[in-house]
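*Asks:* got a sequence here, can you model it:
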Amino acid sequence: MKTKETIKEWILITIATVIVGIAVFFFLVPSKLSIGSISGLAIVLSNFIPLTISQLTMILNVALLIISFLLVGKDFGIKTVYTSILLPVVIGVFEVIFPNNQSLTGDQAIDGIGYCLVVSIGLSMLFTRNASSGGLDIIAKLMNKFLRMDLGKAMGMSGMAVALSSALVSDTKTVVLSVMGTYFSGIVLDYFIFGSTEKKRVCIISKKHREILDYLLYEIGSGATQYHAYGTYTDNMYWEIVTIVDKTEYLQLINYVTKADPDAFMTIYSVNEMMYKPKPKPEKRI
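*Replies:* Below is the predicted model:
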């Protein structure tokens, strides 16, 4: 079972890296934008060095991996090594298959938007599996270690530095679009990452708390915590149920509670991250 899960994970990481390669080759390269990434830096360097984007990306990624290994250690992980090498290979394959690659939209700004959307899908798939595409992630780790800089700020600064480097070879419009694209790609990526993993923390006070707990445990398969809550308005003691569910489970729970007890009091919060050990669904009590 564990082997199947591992194989599935590596297949998904490979698919995610291919998606990132598609975003780079079909949107970033034709537009000549340098939206904060190692591939964006490779686009700038290709104006000075007679190598392809894929070759420059490979050289940069391998060099950064070596530097990181020497200065930071092995904590960047085998997944990052794999994706750092696979990404330029994917771009190289596209260069062979589509030697006359042209803009799909004919508009530089739309290409930038397309890149932000597509690359965010690939990167969110990687990040949710504790992987990355290498490149700027490694630079951010180096800045974090030696400059004591927060990883998020380090990523933002290195990305903006790459975007601004387009000023060496491009017009003002391209530079502005590169900077804007770098900023908005971070926002879109946050949406994909936290939007896909966001859960709901539901707090319920109900006279039918036992039925609601049974529904959570045996129908939804979600755990819960109970607290005694004192109502100052009624001067009564109640049980408060606190549970965390995903979007689908949330809809099921809300529908059940509103039917089982229309007078139930509920508060709902968004949860972006959880750390827990999953438990098997319990057998229903007789």
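
*Asks:* buried residues in stretch 260-269, which are they?
*Replies:* For stretch 260-269, burial by neighbour count (16 or more other Cβ atoms under 10 Å) applies to 261, 264. Quick note: C-beta positions are derived from backbone N, CA and C, even for glycine.

*Asks:* that one: end-to-end distance?
*Replies:* Stretch 260-269 has its terminal residues 21 Å apart, counting by Cα to Cα, to the nearest Å.

*Asks:* now tell me what touches it from outside.
*Replies:* With Cβ atoms under 8 Å, 6 or more residues apart in numbering as the test, stretch 260-269 has contacts from 200-208, 211-212, 215, 250, 254, 257-258.

*Asks:* mind giving me the PyMOL command for buried ones among the residues you listed?
*Replies:* Buried members of the contacts of stretch 260-269, defined by 16+ other Cβ under 10 Å, are picked up in PyMOL with:
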select buried, resi 200+202+203+204+205+206+212+215+250+254+257
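
*Asks:* between the contacts of stretch 260-269, which sits nearest residue 237?
*Replies:* residue 205 (10.7 Å; Cβ to Cβ).

*Asks:* can you pull the phi/psi pair for that closest one?
*Replies:* Here is the backbone geometry of residue 205 (degrees, to the nearest 10): phi -120, psi 120.

*Asks:* quick one, what contacts it?
*Replies:* Residues near residue 205 by Cβ under 8 Å, 6+ apart: 229, 231, 238-241, 264-266.

*Asks:* which residue lies farthest from the center of the protein?
*Replies:* residue 235 (46.7 Å; Cα atoms, centre = their mean).

*Asks:* hmm, back to that, specify which member of the contacts of residue 205 is nearest to residue 105.
*Replies:* residue 266 (45.7 Å).

*Asks:* kindly reformat the contacts of residue 205 as a markdown table containing secondary structure and distance to residue 32.
*Replies:* Listed next are these as a markdown table, based on DSSP: H, G, I helix; E, B strand; the rest coil; distance: Cβ to Cβ, whole Å:
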| residue | secondary structure | distance to residue 32 |
| --- | --- | --- |
| 229 | strand | 60 |
| 231 | strand | 64 |
| 238 | strand | 63 |
| 239 | strand | 62 |
| 240 | strand | 57 |
| 241 | strand | 56 |
| 264 | coil | 58 |
| 265 | strand | 57 |
| 266 | strand | 52 |
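
*Asks:* what about the helices in the stretch 151-286 of the chain?
*Replies:* All helices of the stretch 151-286 of the chain, identified by DSSP state H, counting those that start in this stretch, fall at 151-165, 172-197, 209-214, 247-260.

*Asks:* on the three-state scheme, residue 117 is what?
*Replies:* Three-state assignment for residue 117 (DSSP: H, G, I helix; E, B strand; the rest coil): helix.

*Asks:* my guess is it contacts residue 189, does it?
*Replies:* No. Contact criterion Cβ atoms under 8 Å: residue 117 and residue 189 do not qualify, at 10.0 Å.
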